[in-house]
Every structure is written in structure tokens, then in C-alpha cells.
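Q: got a predicted structure here, sequence first:
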Amino acid sequence: MILDISPLLRNRDYRLLYAGQLVSAFGSMITYVAVPDQIWELTHSSLAVGMLGAVQLVPLLLFALLGGAYADSMDRRKLLVISEVFLALGSLILAVNALLPRPSVFLVFGVSAAMSALNGFHRPALDALTPRLVNRDDLRAVAALSSLRYSLSAIAGPALGGFLIGRLGISSTYWIDFLTFLISIASLAAIRKMPPPEGHKPGLTSILEGLRYARSRPELIGTYVVDMVAMTFAMPMALFPSMSENWGGAQSLGWLYSAMAMGFLASTLISGWSRKVERHGVAVIAGATVWGIAIVGLGFAQGLLSALLCLALAGAGDNVSAIFRGTIWNETIPGDLRGRLAGVEMISYLSGPLIGNVRAGWVASMSSNRVSIVSGGFVCIAGILLCIPLLPAFWRYRRSSAAAAEQVQRV
């Protein structure tokens, strides 16, 4: 049942990558709380907070596939370093803007959009680099360790972010994010170079090759659809600033953002059982269904404690889904397509929450937070259950060691 940490013990470069990204993720999760809280304080509009998702979605859609093509055609470590240098610059701009007597809302939206575009290059490079640093037998453990990294940063980051906002102001959170990027860049610089294979050039042809491969694999299509449905209809984060006003302000806001990660962490620490599961499609759908049920419960929560418990359960369900989605991706995608498919994956797992926050803010602006959350949760559950008859190959998908052996890591 216990988390397998052996990839960290055996692989120096993976250990460096993991440590640097953990520190960077910590700072990013602080900013993850600071940006919507700053928009709320400047506008007092849940719709404006939700529109952050729309502003971040467009550049994500435009650049994720291109970033995946570049990840397959250049040194992935170099692409990560370049991306993080510019992401650090974005955090620096947000920090300076927050110090102004009248911080610019439009600048916050603009920098958020630019950083989303940069993530379109960063995440595919990271996802494509990781499988090259470990043995194939370690991929399921790596998926769980990735969940652990997210959990630790997403618990401590928002909680500290809420504390810093209340005590030192918004600008301090952006400065910390900037410093964590510098640490991550130093860690990446210590990893060996990852030259790309000959003959791969980024462009439309390269992108279309990746899309054709994704379309040909029902197990991949299923992971994209289930996650999109779950996040699009049941993502409540745009409502957290409004909800926190009734439960203590900035510090309560930090706990709301941390709660799902607490469920992530708890389910990750006992994720050893996942090695015994062969029906990966069933596991993805089951985890996503638990997410939807917990979000419905959040809509009926009467106080902060009950809301945190519902969010923790939602995070645990989402983590189960994420572990098996990540395992399917890493076990079935050839190495020379990993960057391009990582771009497709990024669109699936990031655009859903962004659209979901827009939906949540819009519905809440016309009705109430409860109506927005509960209605979204019920639609989420119905949509996920519909995936069973509509995606039968995904529902029946099971990990076959023989089939896995046929998938050769060509890079």
C-alpha cells in the first residue's frame, strides 16, 4: 500500500528534476491563490475571477500543441530552462505591479495569459523528459510521485499564500514564486543534456502526426474525455474567494485551495495498491465519479470544515483518476511522440478546469454559489457515467504486459 519512492533513489537526474519542480510548484501554487484573490479584491466580481480561465485558455489552446512539437524536436532540458526563465519574469512583473498604488487589473490578466502560453511549452517538455530519466518499470511509481509533488505543493503553497496575503500583502507571494523559479532553473542546469532525434522538425506536419496517433488510440481518447467532462462541469475554484468571505477571509481562502491537495496527498501515500489494478479505464472513471459526488456535497456544505472535507474527498477521487491517466499515457505513447502527445494531454487536463471556472463564475453571477456548484456536480456525474456506454473500449481497457512490451520508447 505504501508509496514507491525507488525511482528517486536510483536516478540522479530524475531526483534533480523532481526536487527543482517541487520547489517551483510550491511557488506557483502560492501565486495560484494570489492571482484570483487580487482580481477579487480589485473587482469584487466572481465573474471576473472566472474570466481568468478564459484568458488563460486561449493561449493554452494556441501554444500547447506547438510546445509539444518543439519538445520532440529540441533538447527538452533546454526548452524547460528557457520556459522557466520567462515564467520567472512573469512573476517578477506581477510582484512589481502589486506594489503600485493602483495595480493594473489588465496587466494581471495579460501576464496570466502570457504565462499560460509559456506553460504550453513547459509542461510538454517536462512530461516528455520525465520518462527518459527512469526505467519503464518505474512509470507507475513516477505517476504516483508526480501526484505527491502536486499534493505537497498544493497543500503548503495555498495555505502559505493565504497567510502571506493577510500579513504581508499580495506582492510577497509573487516574489517567492520568482525565487522558486531560480532554484528550479539551477536544478535543471545540473541535468544531462537531452538531444532530440534527427529529422524531427516542429510544424503543422509534426503536430498532425501526434493528433492522428492520439485519435487512433481509444485508451487515450477516454482519458481526455473523462477528465474534460469532470473538470468542465464541476470545477469550483473560481468561487473560493467569494466563499471565503463568509468563513474568515484570506486564510480561509488558502485552506479552500489546499483542501483538494490534502485528499491528493492522502490517496497518494497509500497508492501502492495501484500496482495491482489492471482495469485502468474503470479506475479512471471511478475516480472521476467520486470527484463529482464530492463536489455535489460541497454545494451543500454549511461551514468551512464540511467544505474542506468535501474538497479533500474530491481531491482523492481526482488523484486516483490522475494516477491511472498518467500511467496509460506513459505506458502506451512512443518516446518520439511523447512531447506532442503531452501537448494534447495538457489541453485536456488544463482547459477543463479553465472552462469550468468560467462556467462556475458565470452561473454563480446569475444565481448563487450553491446553484453553480450543485448543478455542475450533477452534470459531471451524469457525463462521466455516459462515458461507459459511449467509450466501451476505454471502459474495457486493461494493462496488458504483452501489449506494453510492444510499445518501444524510441527516444
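A: Happy to help now that I have it.

Q: going by C-alpha atoms from here, please, whenever you check contacts or count neighbours.
A: Will do.

Q: avg pLDDT for stretch 75-91?
A: Mean pLDDT, computed over stretch 75-91, is 92.

Q: now that stretch: buried residues?
A: 75-81, 83-85, 87-88, 90-91 (16 or more other Cα atoms under 10 Å).

Q: how about the residues you listed in a markdown table, adding distance to F181 and secondary structure?
A: As requested, the buried residues of stretch 75-91 are exported to a markdown table (distance: Cα to Cα, whole Å; DSSP: H, G, I helix; E, B strand; the rest coil):
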| residue | distance to F181 | secondary structure |
| --- | --- | --- |
| D75 | 19 | coil |
| R76 | 17 | helix |
| R77 | 15 | helix |
| K78 | 15 | helix |
| L79 | 14 | helix |
| L80 | 11 | helix |
| V81 | 10 | helix |
| S83 | 10 | helix |
| E84 | 6 | helix |
| V85 | 8 | helix |
| L87 | 8 | helix |
| A88 | 6 | helix |
| G90 | 11 | helix |
| S91 | 9 | helix |
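
Q: farthest pair within these?
A: D75 and S91 (24.8 Å; Cα to Cα).

Q: past the helix or strand where G352 lies, which element shows up next along the chain?
A: For G352, the host element (DSSP states H and E) is helix 338-366. Later in the chain than helix 338-366, the nearest helix or strand by DSSP H and E is helix 369-390.

Q: list the helices and strands that next one packs on?
A: helix 218-234, helix 280-299, helix 338-366 (3 or more Cα pairs under 8 Å, 6 or more residues apart in numbering; DSSP states H and E).

Q: any idea which helix or strand comes after that helix?
A: helix 392-396.

Q: what helices or strands is that following helix leaning on?
A: Contacts defined by 3+ Cα pairs under 8 Å, 6+ apart place helix 392-396 against helix 218-234, helix 280-299.

Q: which residues touch that helix?
A: In this structure, residues lying in contact with helix 392-396 by Cα atoms under 8 Å, 6 or more residues apart in numbering are 218-219, 221-222, 279, 281-282, 285, 388.

Q: how about it: buried residues?
A: 393-395.

Q: got it, and stretch 92-99?
A: Quick answer for stretch 92-99 (16+ other Cα under 10 Å): 92-95, 97-98.

Q: what's the closest of the helices and strands packed on helix 392-396 to L152?
A: The nearest among these, by Cα to Cα, is helix 280-299 at 19.4 Å.

Q: what residues sit buried inside the top helix by length along the chain?
A: Determined from DSSP state H, the single longest helix within the chain is helix 12-43. Buried residues in helix 12-43, counting neighbours by 16+ other Cα under 10 Å, are found at 12-40.

Q: do stretch 302-315 as well
A: So, applying 16+ other Cα under 10 Å, buried residues of stretch 302-315: 304, 307-315.

Q: thinking again about what came up before, can I get the buried residues of stretch 92-99 in TSV with distance to I191 and secondary structure?
A: Shown next, in TSV, are these (distance: Cα to Cα, whole Å; three-state DSSP):
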residue	distance to I191	secondary structure
L92	25	helix
I93	28	helix
L94	29	helix
A95	29	helix
N97	34	helix
A98	34	helix
